[in-house]
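Participant: Quick one, what's the 3D model for this:
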Amino acid sequence: MIADQIQKTNQTLEERGLSPDSYFEVVFADGSAISEKDVNWSEFAVQKEAEFVDKKKVFYVSKFPVKSIRISFAGKEIYIDSIPEDAEVYQFIRSERLLATGIDQQTVVGRGVGLIKNGCVIEERFINALENSIQGVRK
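Facilitator: Numbers count the residues shown, from 1 in each chain. Next up, the predicted model:
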């Protein structure tokens, strides 16, 4: 099973700088499943460049085929199921950082997930905690 090939972490979400309601859950093509509560995305992702709104960007995509993914953050959820076999999946966390004299504070302001096909982002969804909304684009 794919999930058995991924190294587990012994740190909690909080120890990794995430709140308990901020995590992903993935079901792989073979039916096995994992959660960010047990693993880091970096343990099964590879860096890849793709086109997003006419610009090249770098994404960290799953190196294993994903059947579905769910992102939970700030009381909202994004769920993408029936992911095409030829699509690659990425997820991300967006944060803001405040730097001032004596202050260095980072705050997570959103989480998102997207699909890449033929080198282009074909769909992206984002939970925006600042606006308390779910936003997205589809090509």
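Participant: and the closest residue to residue 120 other than its chain neighbours, bridged to which residues?
Facilitator: Distances taken as CB to CB, 6 or more residues apart in numbering put residue 51 closest to residue 120, at 4.6 Å, once the chain neighbours are dropped. C-betas here are computed from N, CA, C, even on glycine. Beta-bridge pairing of residue 51 under DSSP bridges involves residue 56, residue 120.
Participant: Now do residue 51 against residue 22, distance only.
Facilitator: From residue 51 across to residue 22, the span is 28 Å (CB to CB, to the nearest Å).
Participant: Tell me how many other residues surround the residue nearest to residue 120.
Facilitator: 14 (other CB atoms under 10 Å).
Participant: The chain should start at 828 in everything you say after this.
Facilitator: Okay, residue one is now 828; in that scheme the one you just asked about reads as residue 878.
Participant: Look up how far residue 828 lies from it.
Facilitator: Residue 878 sits 33 Å away from residue 828, going by CB to CB.
Participant: what do you get for residue 945?
Facilitator: Taking CB to CB as the measure, residue 945 falls 28 Å from residue 828.
Participant: ok, now residue 844?
Facilitator: 29 Å.
Participant: Got phi/psi on residue 910?
Facilitator: Here is the backbone geometry of residue 910 (degrees, to the nearest 10): phi -70, psi 130.
Participant: and the nearest residue to it once chain neighbours are set aside, how many residues sit next to it?
Facilitator: The spatial neighbour of residue 910 that comes closest, neighbours along the chain excluded (CB to CB, 6+ apart), is residue 893 at 5.5 Å. For residue 893, the neighbour count with other CB under 10 Å is 23.
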